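[1] Next comes the sequence, and after it the predicted model I'd like to discuss.
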Amino acid sequence: MKVLIAGQRSFGAAVLDALLDAGHEVAAVACPAPSGRGPDRLHMACDRRRVPAFHGLREATMPSGIDLIVCAHSHDFVSDRVIAKARIGAVGYHPSLLPRHRGRDAVEWTIRMRDPVAGGSVYWLTGRVDGGPLAAQRHVLVRPDDTVSSLWARSLFPMGVSMLVSVCADIASGRVVRVGQDEACATWEPSIGRAPLHRPDLIMLPAPGADALEYVTKFH
């Protein structure tokens, strides 16, 4: 199975190493371009593991022959047209028990809301942000003294790497799981200290008497 990873930072690098070590073929990686702080950690991992890397995942840059896109802390919006070029589709990891805590800062809101239980979800990417069917889900207890950093480093980071490897193994063997999320339990929290995330799944309805127009916010 040929995999393309869309990701960044330490988590993306860990997923690259884990998939390669598990025997999967990572055909290419989409990661951020080098900045003033130097290359991204995932880009450095690509150099070390001799995996082709490029910047900007778009329909035009999406390589052919890819079976599955794996999003690991992706900085790119993965459009429907990009997903359509992958034979099986695209999966990503979200550090919450979806549909709870959709949005960019799931771990932050887990701590702020004092959730006693947290977890991770691998889900199928669709046009609905963090709203696609679930491929796998695991939970973990939140300690009373946990911070965002401690919960992420101790549990949610390694959990995400392990789950993505496991889901890829299942898909490669022909076991494809798609379980719809329970919208009655869905929550969405805003980004903290960053511009709002574009949500193509939300449509603002016109005021009474206004023309029947539909609006969507601009992609971040």
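    Alright, I've got the coordinates.

[2] wouldn't Tyr93 be in contact with Trp124 here?
    No - using C-beta atoms under 8 Å, Tyr93 is not in contact with Trp124; the gap is 11.8 Å. C-beta here means a position set from N, CA and C on the backbone, and glycine is covered the same way.

[3] Am I right that Gln137 sits in a strand?
    Yes - counting by DSSP: H, G, I helix; E, B strand; the rest coil, Gln137 is part of a strand.

[4] how about Val82, secondary structure?
    Per three-state DSSP, Val82 ends up helix.

[5] low pLDDT regions in the chain?
    Within the chain, the segments meeting pLDDT under 70 span 194-220.

[6] now the strands: where do they sit in it?
    For the chain, the strands defined by DSSP state E occupy 2-7, 25-30, 53-54, 68-72, 89-94, 117-124, 134-141.

[7] would JSON lines of those with distance to Gly38 and mean neighbour count be doable?
    What follows is the strands of the chain, written out as JSON lines (distance: least, C-beta to C-beta, whole Å; neighbours: other C-beta atoms under 10 Å):
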{"stretch": "strand 2-7", "distance to Gly38": "17", "mean neighbour count": "26"}
{"stretch": "strand 25-30", "distance to Gly38": "17", "mean neighbour count": "21"}
{"stretch": "strand 53-54", "distance to Gly38": "14", "mean neighbour count": "18"}
{"stretch": "strand 68-72", "distance to Gly38": "20", "mean neighbour count": "25"}
{"stretch": "strand 89-94", "distance to Gly38": "25", "mean neighbour count": "24"}
{"stretch": "strand 117-124", "distance to Gly38": "29", "mean neighbour count": "23"}
{"stretch": "strand 134-141", "distance to Gly38": "33", "mean neighbour count": "17"}
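
[8] quick one: contacts for the closest residue to Ala27 other than its chain neighbours?
    The shortest distance from Ala27 to any residue other than its chain neighbours is 4.5 Å, reached at Lys2 (C-beta to C-beta, 6 or more residues apart in numbering). Neighbour list for Lys2: Glu25, Ala27, Gly65, Ile66, Asp67, Leu68 [criterion: C-beta atoms under 8 Å, 6 or more residues apart in numbering].
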